[in-house]
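> Here is a sequence with its predicted model. Questions after.
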Amino acid sequence: MKAQLQTNESSQTLSEECQKLIIAKQFLDQHCPLEFGSHTQVSAYVVYYNHLMVFFADGQHCGLKNTKQFVALCGHKESPSTILLQKDDGLHIELSFNIAGETGKYDKAHINDVQYETPFSAIDTQNSKHTKLWMSFIDGVQHTLVDESRCKCYRSKNGEDYEV
């Protein structure tokens, strides 16, 4: 009985995470649309030369409608661990991939989380610095505040460091 309860709780948590990921992909469709199709249908994200390409289960592929929105990545181009997109307002969206992650192992594109940079900032009263706030679609509010000393680092399309 206890094992069945744990299985039901696991299934409910998984279902909630899948719903959150669907909402995240709809957010991507709104702010970083593809040439055709939807991020909800993507089975793989790869970087081909300096362009983000997405592949669908039927073998079709395309890029972003606005190719300039892909700005950086972490990992290998064929199998990135993180992709960084930039919305039209200059704020960023981070897709993190993990085939063995709690969410990624169930997602066909292996997206483990989608985080977005908010226009809000917090003030560190001790150091009088503004810090950026990132939100996670899976975990909710991220208490990871990023300032000049603790930035997120990526590799830009041209191979240079890219810090947010």
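On my side now, so go ahead.

> So for this structure, the centremost residue is which one?
Nearest residue to the geometric centre of the chain (CA atoms, centre = their mean): Leu95, 1.7 Å.

> Make sure that residue is actually in contact with Gly75.
No. In terms of CB atoms under 8 Å, Leu95 does not count as a neighbour of Gly75; the distance is 11.5 Å. Every C-beta, even on glycine, is put in place using the N, C-alpha and C of the backbone.

> shared neighbours of the two, anything?
The contact sets of Leu95 and Gly75 overlap at Thr82 (CB atoms under 8 Å, 6 or more residues apart in numbering).

> distance of Trp64 from Glu117?
One correction, residue 64 is Leu, not Trp. For Leu64, the distance to Glu117 under the criterion CB to CB, to the nearest Å works out to 18 Å.

> okay, those two: which has more neighbours?
Between Leu64 and Glu117, Glu117 has the larger neighbour count (other CB atoms under 10 Å), namely 21 against 18.

> could I have the one helix or strand the more buried one maps to exported to PDB, CA atoms only?
Assigned by DSSP states H and E, Glu117 falls within strand 111-124. Taking Å, rounded to 0.1, in the frame of the first residue of the first chain, the C-alpha atoms of strand 111-124 are listed here in PDB:
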ATOM      1  CA  ILE A 111      14.500  19.600 -21.700                       C
ATOM      2  CA  ASN A 112      15.000  19.500 -17.900                       C
ATOM      3  CA  ASP A 113      14.100  23.100 -17.200                       C
ATOM      4  CA  VAL A 114      13.300  26.400 -18.800                       C
ATOM      5  CA  GLN A 115      14.400  29.500 -16.900                       C
ATOM      6  CA  TYR A 116      13.800  33.100 -17.900                       C
ATOM      7  CA  GLU A 117      15.400  36.400 -16.900                       C
ATOM      8  CA  THR A 118      12.900  38.800 -15.300                       C
ATOM      9  CA  PRO A 119      12.900  42.500 -15.700                       C
ATOM     10  CA  PHE A 120      12.800  42.700 -12.000                       C
ATOM     11  CA  SER A 121      15.900  43.200  -9.900                       C
ATOM     12  CA  ALA A 122      16.600  43.000  -6.200                       C
ATOM     13  CA  ILE A 123      18.800  45.400  -4.300                       C
ATOM     14  CA  ASP A 124      21.600  44.000  -2.100                       C
END
